[in-house]
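Trainee: Provided below for reference: sequence and predicted model.
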Amino acid sequence: MCNKVQSIYLVEYGRTFTLKRVTMEKRSELLYPQLLTKAYKSSSLLGMDVLKKIKHPDDEITPLLYCAWNHMSERFKNIVLSEDPIISITSKASKIAATDRGFIRSDIGQVIGILPDYEVYYGPTVGKIALRELVAEFWSTFYKLDHLTYENVAVTTGATEALFLLFSIFGYGRKVILMSPHWPTFPDTIRKAGSDYVRFELVDEDGVFRIDELESLIKSTHINVMLVNSPNNPSGIALERQNMEQLAELAERYNMIIISDEVYNRIRYRGEPDTMLRYAPDRTVVVTSASKEYLIPGLRVGFVISKSKTLTDVIIKKLLRCQSSCPNTAGQDVVMEIMKREVDELKGNKEPSFITPIVEELKNRRDAIADALTEVGFKVFGNRPPDGTIFTFAKIPETVDLGDREFIEKAMDLHLFSAIPGSACGKPGWLRFSFGNLSLEDINQLKDNLQKFLNIIGR
């Protein structure tokens, strides 16, 4: 698809510019950054008329929204444009029933009133408005963003569903730059969405931020979508403010879109939580979840947060409707209970307290496991304990003549310990150790078992 020859037209203020027939790779070179920047501002690219009709009235056609619409497959566009009679009828019926008790609703597709103590009902496609309002208020206050509303938030069935949708929207038929090392599920999620990826180590194993090398990759490949994960799973590295500012500048220069996975954003031991939405709001869409910071991964509640209400309240709403119908309503209630408390504390100029003891305990575990790994000869990624997450990423001692997978398999066969091979994260020769589930006693035992294993294999 990326090599197809296409004609490209730009209409601006009544004038028509016709570019020569070019390959998709050459197109990015011709259009970026001069012409597309004007097109975003004028919102007058031929073929954008349909988007103008469906976009949220508060939205301008920003680079994020432009790319969302133009990167999507035709079948996804058709879904977004289609009318769902169930939605329109149930919406109208709900309004009538609220004012007329004699109105009989026979449009509801669920069993109600037989065992009410056990019944859990469907909810809105992109989450309960009360939860979306809380998320918007929390993010606006905590991260000091321009005021967000509930329409800037879509609730999903965990962050994984959100990432799949965003890869499908922004990455279909093209490549995505994948920040490496990475969560092992990312490559399959990207491929499932009809995309492909190029791995790039944005922060190297010595903790060096490689912005110049990233720019060289973008210039040579013309890839304009990047997945950024900070704090990073598995390395624990978190981008600093200066790093985010440089990424935002690069995104502006090369008309890039950033999918920012910030699931571990508030589990920080070094530096303060931050978000790419502060630095590149017109080019960033954030994925986060309640799983780690609220200790409820099994309830599957994730969020997409974007400046574009069209993305979260129109496009994603339509796509989720035919995928999972709605996120976990019981899980949303749990999140609302915790988040309301946090929002109230922010309103009272207090720091949110729910997560404080969680981070304090995890920091103790982080320090202990980083020390343990260093003492038995491992190198910790970035040459420092992780900035965030619940993982420590460590390099197998060079004296060991085993691959990462073989290393772990042998250790498990001896019933000593387990970990995730770094090769699954795009970084062979390293291991991801989770300390989220380990007590300090467990970590001491892990240290002893590591030393025992190294002695057995005769490093």
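Mentor: That came in fine, so what should we check first?

Trainee: Okay, strands next: where are they in the chain?
Mentor: Using DSSP state E, the strands of the chain run over residues 5-12, 15-23, 153-156, 175-179, 196-200, 225-229, 257-261, 284-289, 302-306, 379-380, 391-395, 420-421, 430-434.

Trainee: Mind putting those strands into TSV with mean neighbour count, distance to L134 and mean pLDDT?
Mentor: For every residue, glycine as well, the C-beta is placed using N, CA and C. Shown next, in TSV, are these (neighbours: other CB atoms under 10 Å; distance: least, CB to CB, whole Å; pLDDT from 0 to 100):
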stretch	mean neighbour count	distance to L134	mean pLDDT
strand 5-12	13	41	30
strand 15-23	11	46	36
strand 153-156	29	9	98
strand 175-179	23	29	97
strand 196-200	17	34	97
strand 225-229	25	25	98
strand 257-261	25	21	98
strand 284-289	25	13	98
strand 302-306	26	11	98
strand 379-380	20	37	98
strand 391-395	25	28	98
strand 420-421	20	34	98
strand 430-434	23	29	98
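
Trainee: Save those as TSV, and put in distance to L450 too.
Mentor: Shown next, in TSV, are these (distance: least, CB to CB, whole Å):
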stretch	distance to L450
strand 5-12	56
strand 15-23	52
strand 153-156	38
strand 175-179	28
strand 196-200	28
strand 225-229	27
strand 257-261	30
strand 284-289	31
strand 302-306	34
strand 379-380	13
strand 391-395	10
strand 420-421	15
strand 430-434	9
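
Trainee: T392 touches A370, doesn't it?
Mentor: Yes: shown here, T392 and A370 form a contact pair, counting by CB atoms under 8 Å, at 5.6 Å.

Trainee: which residues are in contact with both of those two?
Mentor: Counting by CB atoms under 8 Å, 6 or more residues apart in numbering, the shared contacts of T392 and A370 are V380, P385, P386.

Trainee: how about the nearest residue to S73, chain neighbours excluded?
Mentor: Nearest non-adjacent residue to S73, counting by CB to CB, 6 or more residues apart in numbering: Y172, 4.8 Å away.

Trainee: What is the burial count for the one you found?
Mentor: Residues near Y172, counting by other CB atoms under 10 Å, number 17.

Trainee: got a list of what it touches?
Mentor: Taking CB under 8 Å, 6+ apart, we find Y172 in contact with H71, M72, S73, F76, A193, G194, S195.

Trainee: From those residues, pick the one nearest R266.
Mentor: A193 (27.0 Å; CB to CB).

Trainee: returning to what we had before: what's the ChimeraX line that selects buried ones from the contacts of Y172?
Mentor: Only the buried entries of the contacts of Y172 go into this ChimeraX selection, using 16 or more other CB atoms under 10 Å:
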select :71,72,76,193,195
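
Trainee: Among the contacts of Y172, which are located in helices?
Mentor: Among the contacts of Y172, the members found in helices (DSSP state H) are H71, F76.

Trainee: and which of the contacts of Y172 is nearest S289?
Mentor: A193 (18.4 Å).

Trainee: now that we're looking at that closest one, how far away is I257 from it?
Mentor: 14 Å (CB to CB, to the nearest Å).

Trainee: got it, and C322?
Mentor: As judged by CB to CB, C322 and I257 stand 24 Å apart.

Trainee: pLDDT weak spots in the stretch 51-200 of the chain?
Mentor: For the stretch 51-200 of the chain, no stretch is flagged by pLDDT under 70.

Trainee: residue boundaries of the helices in it?
Mentor: With helices called from DSSP state H, counting those that start in this stretch, the stretch 51-200 of the chain shows them at 63-71, 74-81, 85-99, 129-142, 158-170, 186-192.

Trainee: re the thing from before, return the closest of the shared contacts of T392 and A370 with respect to I338.
Mentor: The closest of the shared contacts of T392 and A370, once distances to I338 are taken by CB to CB, is P386, at 24.4 Å.

Trainee: does that closest one really touch I369, like I thought?
Mentor: No: at 9.2 Å, P386 and I369 do not qualify as touching, with contact defined as CB under 8 Å.

Trainee: Quickly list what's touching both of the two.
Mentor: T392.

Trainee: neighbour count winner among those two?
Mentor: P386 (31 against 26).

Trainee: Could you tell me the model confidence score at the more buried one?
Mentor: We have a pLDDT of 98 for P386.

Trainee: so who does it touch?
Mentor: Listed by CB under 8 Å, 6+ apart, the contact partners of P386 are P231, S235, G236, I237, Y269, R366, A370, V380, T392, F393.
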